[in-house]
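Engineer: what shape does this take:
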Amino acid sequence: MERKFLLGVDIGGTKCACILGAADSAGEIEILDKTRFATAEAGGARACLEMLARSGRELCSRHGVAPGSVQGCGVSCGGPLDSRRGVILSPPNLPGWDAVPAVEILEHELGIPVRLQNDANACAVAEWRFGAGRGVRNMIFLTFGTGLGAGLILDGRLYSGIGDSAGECGHIRLAPVGPVGFGKSGSFEGFCSGGGIAQLAAIRAREQLQLGKKVAWCASIDALAGLNAKIVGDAAEAGDPLALAVYEECGRYLGRGLALLIDLLNPERIVIGSIFARSERLLRPAMERSIAEEALPAAAAQCRVVPAALGEAIGDYAALALALGEF
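Structural biologist: Presented below is the predicted three-dimensional model:
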């Protein structure tokens, strides 16, 4: 069976990765190898991109892949960016990456077509092609991790908007006041992200501590700053009532946000990653109640909300899916 070799590049604020993959005639992808390094080690944007290109050449050499047989390279990176021009535009997690012509640099270094997309869009393409979105033409992917971003597959195509800003649903305000996310109090990201869960937990724990009550997962006011979604999630899984209430509140607002997306875009499927995939049991009941209360019944009945299927490998599949160019 003929295989097409692909390179993928995943650029993050902490780590970068270069992935070698192969696609068969049916479009299924096999991850062959991967190399990683700390982003800060590279010493700047251009040096980092050159190191990624060097990693790609080394992976090809290691597996006996001739450079000319590599179909393309996909680049997944946090936004903002301009996918049409192939330029990275000052992402908050990549200080100093200002107007970086990433596609131009990598194409010069690798001699193959390079395609750039923000990470939420790239993950949406990956879940649509290889994961929980297989077989549908209208799908929303939500990151639900450090922040809340979305990738939109509409009528069988990735939709990124005129300026790559489509899908920034984390900026939607769901309540007049609430946890801060995306620079806005009470936003969708404020309620539904790792940082948002930590903020909700800190608010509820502070209330209890100031009333003189004990909180099993937060010993004192001084410990509030160290709270995170994992601490609260572990406590909720163990049955702690206050932690369960935090996740119930998060799930309620998740449902409200999803109801807006369901009414606006009428998707067949909403795929949610990271925290939802790990804590679906804690979030789904309140989420479903809110969807039933807020969304148009016919649109809600047509839409399934499911956890992402690609797990920790989603970043690898995302970059390689972009290299295929079929989106």
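Engineer: look through the chain and report the residue furthest from the middle.
Structural biologist: In the chain, residue 212 marks the outermost C-alpha relative to the chain mean, sitting 39.0 Å out by CA atoms, centre = their mean.
Engineer: state the helix or strand in which that residue lies.
Structural biologist: Using DSSP states H and E, residue 212 sits within no helix or strand.
Engineer: need the pLDDT of it.
Structural biologist: We have a pLDDT of 91 for residue 212.
Engineer: now it: how far from residue 204?
Structural biologist: In this structure, residue 212 and residue 204 are 15 Å apart, going by CB to CB, to the nearest Å. For the C-beta atoms, the positions are set from N, CA and C on the backbone; glycine is no exception.
Engineer: and if you look at residue 42?
Structural biologist: For residue 42, the distance to residue 204 (CB to CB) stands at 41 Å.
Engineer: please apply the same query to residue 159.
Structural biologist: Taking CB to CB as the measure, residue 159 falls 37 Å from residue 204.
Engineer: which of those two has more residues huddled nearby?
Structural biologist: residue 204 (18 against 15; other CB atoms under 10 Å).
Engineer: state the next helix or strand along the chain beyond the helix or strand hosting that one.
Structural biologist: Taking DSSP H and E as the definition, one finds residue 204 inside helix 194-210. Once helix 194-210 ends, the next helix or strand along the chain (criterion: DSSP H and E) is helix 229-237.
Engineer: for the helix or strand that that next one is followed by, packing partners?
Structural biologist: Downstream of helix 229-237, the first helix or strand assigned by DSSP H and E is helix 241-265. Counting contacts by 3 or more CB pairs under 8 Å, 6 or more residues apart in numbering; DSSP states H and E, helix 241-265 is packed against strand 150-154, helix 188-191, helix 194-210, helix 229-237, strand 269-272, helix 274-294, helix 297-301.
Engineer: in the helix holding residue 204, what counts as buried?
Structural biologist: Neighbour-count burial for helix 194-210 flags 194, 195, 196, 197, 198, 199, 200, 201, 202, 204, 205, 209 (criterion: 16 or more other CB atoms under 10 Å).
Engineer: can I get these in TSV with pLDDT and distance to residue 149?
Structural biologist: Listed next are these as TSV, based on pLDDT from 0 to 100; distance: CB to CB, whole Å:
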residue	pLDDT	distance to residue 149
194	93	13
195	92	13
196	94	13
197	95	16
198	95	18
199	95	18
200	94	19
201	95	22
202	95	23
204	94	26
205	94	27
209	94	33
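Engineer: for the stretch 51-200 of the chain, what spans make up the strands?
Structural biologist: Assigned by DSSP state E, counting those that start in this stretch, the stretch 51-200 of the chain shows strands spanning 70-77, 81-82, 87-88, 114-118, 139-142, 150-154, 157-159, 180-181, 184-185.
Engineer: out of the ones you listed, which comes closest to residue 306?
Structural biologist: strand 139-142 (10.0 Å; CB to CB).
Engineer: ok, the closest one: who's next to it in the sheet?
Structural biologist: Strand 139-142 sits in its sheet next to strand 150-154 (antiparallel), strand 269-272 (parallel), going by DSSP bridges.
Engineer: can you tell me what sits against it?
Structural biologist: With CB atoms under 8 Å, 6 or more residues apart in numbering as the test, strand 139-142 has contacts from 120, 123-124, 127-128, 133, 148-153, 167, 169, 261, 265, 267-273, 276, 308.
Engineer: flag the shaky bits of the chain, pLDDT-wise.
Structural biologist: Within the chain, the ranges that satisfy pLDDT under 70 run 1.
Engineer: show me what contacts residue 274?
Structural biologist: 143, 144, 145, 194, 308.
Engineer: thought the fourth one was touching residue 227?
Structural biologist: Going back to what we said before, that points to residue 194. No. Contact between residue 194 and residue 227 fails when scored by CB atoms under 8 Å: they sit 10.5 Å apart.
Engineer: how many neighbours does residue 311 have?
Structural biologist: Taking other CB under 10 Å as the criterion, the count of residues near residue 311 is 13.
Engineer: tally of neighbours for the nearest residue to it once chain neighbours are set aside?
Structural biologist: Spatial nearest neighbour of residue 311, excluding adjacent residues (CB to CB, 6 or more residues apart in numbering): residue 277 at 7.4 Å. Residue 277: 19 surrounding residues under other CB under 10 Å.
Engineer: any idea how far residue 289 lies from residue 253?
Structural biologist: 12 Å.
Engineer: please parse this protein into its domains.
Structural biologist: What automatic domain parsing lists as the domains of the chain is 4-131+313-324, 139-308.
Engineer: between the two ends of the first one, what distance do you get?
Structural biologist: Right, domain 4-131+313-324. 9 Å (CA to CA, to the nearest Å).
Engineer: all set, thanks.
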